[in-house]
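Engineer: Provided below are the primary sequence and the corresponding predicted coordinates.
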Amino acid sequence: MDVGIIGAGRLGTALAVVFTRAGHKVMVSGTRGPRALAPLVDELGTNASAGTPQEAADFGDVVVLAVPWDQKENAAASVPFWQGRTVLVPVNPLRDTAAGLEVVDTGGIPPTEIVAGLLPGALVVKGFNTYLAQALPKEPDIDNGRRIVLLAGDDSDAKRRVADLADSAGFQAVDTGTLAEGAPLFDTGGPLSGLGRDLLAL
Ligand SMILES: NC(=O)c1ccc[n+]([C@@H]2O[C@H](COP(=O)([O-])OP(=O)(O)OC[C@H]3O[C@@H](n4cnc5c(N)ncnc54)[C@H](OP(=O)(O)O)[C@@H]3O)[C@@H](O)[C@H]2O)c1
């Protein structure tokens, strides 16, 4: 599968490692342009390339939007259209401050609904937001089981595509339902949002 990644920071890079390792082709992108990502592409190997956000969106069968909450509008605007694209959204409503991570007040609107609203016509799948970036590239198989990736989305084909991607990389995708039903379960503050934390201790 081809995966376009918009935002090659901590999480985008971790996902690029996970997906290239599984044999998928990945194009990473960010605000600093493809040249700035050349060292990362070298590290990721022959399955990786760098482009602009628009090129990454055009490249991907799945497009990952891995940008900070406060950059979601700018990143969404850097791609001319979203219609029909399968977009994996690991964005959490968190902000880095001098005092540490702060939860953004979304005024009672589910965070994934806010992000999806910036991507008209996109087939949005929420997922890969519960693991800390440094935990993701660790071995997905644990004690004869597989680490779980929770997914939510309204389009079953898009959700299947992302589930196949997760499964192929050694995870076990679990469908929690639609964006409205499932995403609040594992969005920041939801009852399943702490799922990946303990894995850091392994
Ligand atoms: N880090 C984690 O452990 C973790 C875990 C779960 C979920 N998440 C979620 O994943 C998202 C990314 O977090 P992160 O920790 O990876 O952030 P990060 O390390 O700060 O990296 C953010 C990346 O986004 C890129 N970016 C910023 N604005 C952009 C724009 N307008 N267009 C395109 N690219 C843009 C930056 O590229 P340039 O440097 O080129 O500007 C940078 O590579 C957040 O929503 C976060 O809540 C993170």
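Structural biologist: Cool, got the structure.
Engineer: Would you quantify the distance from the residue of the chain found nearest the ligand to L40?
Structural biologist: Here the chain gets closest to the ligand at one residue, G9, 1.6 Å apart by C-beta to the nearest ligand atom. All C-beta spots, glycine's among them, are computed from the backbone N, C-alpha and C. The spacing between G9 and L40, counted by C-beta to C-beta, to the nearest Å, is 10 Å.
Engineer: How about N47?
Structural biologist: 12 Å.
Engineer: Show me what stretch 108-124 is in contact with.
Structural biologist: 65, 69, 72-73, 76, 81-87, 89, 91-93, 104, 106, 126, 152-155, 157-158, 179-180, 183-184, 187-188 (C-beta atoms under 8 Å, 6 or more residues apart in numbering).
Engineer: Then stretch 178-192?
Structural biologist: 92-94, 103, 110-113, 116, 124, 126, 129-130, 150-154, 175-176, 193, 195.
Engineer: and the end-to-end length of it?
Structural biologist: Taking C-alpha to C-alpha, to the nearest Å, stretch 178-192 runs 16 Å from one end to the other.
Engineer: Could you give the average pLDDT over that stretch?
Structural biologist: Average pLDDT, stretch 178-192: 95.
Engineer: Buried residues in it, which are they?
Structural biologist: Burial within stretch 178-192, assessed by neighbour count using 16 or more other C-beta atoms under 10 Å, is assigned to L179, G182, A183, P184, L185, F186, D187, T188, G190, L192.
Engineer: just stretch 113-125 next, same as before
Structural biologist: Under 16+ other C-beta under 10 Å, the buried positions of stretch 113-125 are I114, V115, A116, L118, L119, A122, L123, V124, V125.
Engineer: Secondary structure element for the second one, which one?
Structural biologist: Spelled out, it's V115. Assigned by DSSP states H and E, V115 belongs to helix 111-116.
Engineer: can you give me how far that helix is from the chain middle?
Structural biologist: Centroid separation between helix 111-116 and its chain, computed with C-alpha atoms, centre = their mean, to the nearest Å, is 13 Å.
Engineer: For L11, give me its contacts.
Structural biologist: A66, P90, F128, A133, L136.
Engineer: Without its sequence neighbours, what residue ends up closest to A22?
Structural biologist: Leaving aside its sequence neighbours, A22 sits nearest to A169 (C-beta to C-beta, 6 or more residues apart in numbering; 4.1 Å).
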